[in-house]
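> here are the coordinates; sequence isn't available:
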């Protein structure tokens with residue numbers, strides 16, 4: 001099952017991938033009605049409530065599909081966000 005936190009992490013990852021550096025910048029891109037930085041923060045952390053229309057507006061602003069916010073897989077699947085080199089990731093995963 002995908003949680004609000006999972007969706008928020010996916011949005012955050014897609015935002016960064018799209019080159020939208022800040023939550024405030026993403027909020028301003030939403031049309032027809034922008035969202036505040038605080039609202040985007042709550043969405044990305046999974047602590048806020050939002051409607052499906054907000055997800056569609058975010059997807060449009062990030063040039064992706066709403067389905068990209070939902071991870072496929074079973075209940076044990078996890079979304080991992082890692083910033084660093086492949087070598088650092090391998091070291092982290094191997095416990096070195």
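Perfect, I can see it now. All values derive from a computational prediction rather than experimental measurement. Residues are numbered from 1 along each chain as shown.
> quick one: contacts for the residue nearest in space to the middle of the chain?
Nearest residue to the geometric centre of the chain (CA atoms, centre = their mean): residue 11, 1.7 Å. Contact analysis of residue 11 by CB atoms under 8 Å, 6 or more residues apart in numbering lists 43-44, 58, 62, 69. C-beta coordinates here come from the backbone N, C-alpha and C atoms, glycine included.
> Pick out whichever of the residues you listed sits closest to residue 91.
The closest of those to residue 91 turns out to be residue 44 (CB to CB; 27.2 Å).
> Where does the prediction get shaky in this structure?
71-82, 96 (pLDDT under 70).
> rerun at 80
1-2, 71-84, 86, 89-90, 92-96 (pLDDT under 80).
> Tell me how far the longest helix along the chain lies from the chain's centre.
In the chain, with assignment by DSSP state H, the single longest helix is helix 4-17. Computed by CA atoms, centre = their mean, to the nearest Å, the separation of helix 4-17 from the middle of its chain amounts to 1 Å.
> Stretch 61-72 now?
Stretch 61-72 sits 9 Å away from the centroid of its parent chain (CA atoms, centre = their mean).
> Enumerate the positions of that stretch that are buried.
61-62, 64, 69 (16 or more other CB atoms under 10 Å).
> Same question for stretch 5-15.
Buried residues in stretch 5-15, counted by 16+ other CB under 10 Å: 6-15.
> So of these, which two are at opposite extremes in space?
By the measure CB to CB, 6 and 15 form the most distant pair in the buried residues of stretch 5-15, at 14.9 Å.
> Share the number of residues neighbouring residue 23, please.
When counting by other CB atoms under 10 Å, one arrives at 21 neighbours for residue 23.
> which SSE is the nearest residue to it once chain neighbours are set aside in?
In space, and not counting its chain neighbours, residue 23 is closest to residue 40: 3.9 Å by CB to CB, 6 or more residues apart in numbering. When secondary structure is defined by DSSP states H and E, residue 40 falls within helix 37-45.
> tell me the angle that helix makes with helix 4-17.
110 degrees (axes from the mean of the first three to the mean of the last three CA atoms, to 10 degrees).
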